[in-house]
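Peer 1: make a model of this:
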Amino acid sequence: MKKTVSVTVLLALVLAVPVTVLAHPYVLSLSTWGSPKHPQVTHFVPEFVKLVEQRSHGRIKFRVFSGGEMVKQRFVPTAIPQDTVDISLTTLDSWAGRIPETSILTSPLWTWSMQQAMAGLVPGKPVFNYFQHKLEAQGARMIAMFDIGPPVLVTNFRLRNPSDLKGHTMRVYSKGAGLVMETLGAAPATIGVGEVYSALQRGTVQGAMGGLGGAVGLKYYEVSKYTFAPMGALGTMIHAYVMNESKFESLPPDLQKIVMESATEARNNAERYLISSYGSMLNTIRDHGVDVYELHRGTSQWKKWRSALEPLTKESEHAYPPKLVKMVASDGGS
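Peer 2: A predicted model of the protein is given here:
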């Protein structure tokens, strides 16, 4: 009799426990590359992981791989659709082979300020939705999109005018960045972010175009003499966190909502920090003895660089769908 009662009580207790607690959690892999100290990593990943795990009450767990340990920058457009990794940081323009329109993000047509990107590159807004639709057709889901700031050019030659680039081999990170350098007379060489330090050190390239946070975090100031900060004259760098679409769809609707809302909140946290820290990161490079030259919007020097890019600007106006060009023009600054 006692045994029967015990089994009955045990069964009642088990049935009283929510199914979600009994079920195994969804374990998602999350990969980053580049400097682990970059704000797009330090200010996004821990916040995103914390929010999702808390709000899902442990139904989602993460395995985080940083510094290209799981997937390197240039392989993300293949790794995400193939589900080599569930979620990854990506340079959106690196998807140009699959989605040609992503190159508009690094073209001279993109003149948004970081503040405009803060407000405009979120779910529900036209540009975010446009690229989410394109990614979905490739088996990926955009969960966060942000502006990491105008790229800088770290070089071992003095750079002030567009003509100074002629004849120099410059590292670029994407097709769009390569077109910008080519238009200005440089020879672009696509090199992954992890190899830039050694390429500068060995003289394989004479300079490199890339994000300011990466230049600081990966200590390019140790192997370069100059840093040119065009402050948006050459466009900006739009990065994102993308997720395998099938994996996203495999989550229950409530967990999908948690992932998206948590990604937006963590993205806003990272974007605010990127905006507030841009100047201090330039000062960090100065403090290491590097000659830093900044362009200022509206000056004669600024206009000189914009004029040098005019052929690419005009070409770009006809290279992308009119709908997308209108979106960028209507929300961007001049």
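Peer 1: all contacts plus neighbour counts: C-alpha atoms, from now on.
Peer 2: Will do.
Peer 1: find the least confident helix or strand in the protein, judged by mean pLDDT.
Peer 2: Confidence across the helices and strands of the chain bottoms out at helix 19-22, with a mean of 44, counting by mean pLDDT, DSSP states H and E.
Peer 1: following it, which helix or strand shows up next?
Peer 2: If you walk from helix 19-22 toward the C-terminus, the next helix or strand you reach (DSSP states H and E) is strand 26-31.
Peer 1: identify each buried residue in that following strand, please.
Peer 2: 28-31 (16 or more other C-alpha atoms under 10 Å).
Peer 1: so the nearest residue to R98 once chain neighbours are set aside, which state does it fall into?
Peer 2: Distances taken as C-alpha to C-alpha, 6 or more residues apart in numbering place Q138 nearest to R98, at 7.6 Å, with adjacent residues excluded. On the three-state scheme (DSSP: H, G, I helix; E, B strand; the rest coil), Q138 is labelled coil.
Peer 1: can you give me the distance of Q138 to L295?
Peer 2: For Q138, the distance to L295 under the criterion C-alpha to C-alpha, to the nearest Å works out to 38 Å.
Peer 1: do the same with F131
Peer 2: 30 Å.
Peer 1: what does A270 give?
Peer 2: According to C-alpha to C-alpha, A270 and L295 sit 25 Å apart.
Peer 1: so those two - more neighbours on which side?
Peer 2: Here A270 and L295 are set side by side on neighbour count (other C-alpha atoms under 10 Å), and the busier one is A270, at 24 against 18.
Peer 1: what's the helix or strand for the more buried one?
Peer 2: helix 253-287.
Peer 1: list the buried residues in that helix.
Peer 2: Of the residues in helix 253-287, those with enough neighbours to count as buried (16+ other C-alpha under 10 Å) are 255, 258-271, 274-275, 281-282, 285-286.
Peer 1: taking the centroid of the protein, which residue is nearest it?
Peer 2: Residue closest to the mean C-alpha point of the chain, counted by C-alpha atoms, centre = their mean, is H239 at 1.8 Å.
Peer 1: mind jotting down where the strands sit in this protein?
Peer 2: With DSSP state E as the definition, the chain shows strands at residue ranges 26-31, 60-65, 87-91, 140-147, 152-155, 169-172, 187-190, 207-210, 226-229, 238-244, 291-294.
Peer 1: can you name every helix or strand that the fifth one contacts?
Peer 2: Strand 152-155 sits against strand 207-210, strand 226-229, with contacts defined as 3 or more C-alpha pairs under 8 Å, 6 or more residues apart in numbering; DSSP states H and E.
Peer 1: and for the third one?
Peer 2: In terms of contact count using 3+ C-alpha pairs under 8 Å, 6+ apart, strand 87-91 is assigned the packing partners strand 26-31, helix 76-79, strand 238-244.
Peer 1: give me the contact list for the first one.
Peer 2: Just to be clear, that refers to strand 26-31. Contact partners of strand 26-31, identified using C-alpha atoms under 8 Å, 6 or more residues apart in numbering, comprise 59-66, 68-71, 85-89.
Peer 1: one more: the shortest one?
Peer 2: Taking contacts as C-alpha under 8 Å, 6+ apart, the residues outside helix 76-79 that touch it are 71, 85, 88-90, 94-95.
Peer 1: closest one to M170 out of the residues you listed, please.
Peer 2: For M170, the nearest member of the contacts of helix 76-79 is S94. The distance, counting by C-alpha to C-alpha, is 17.1 Å.
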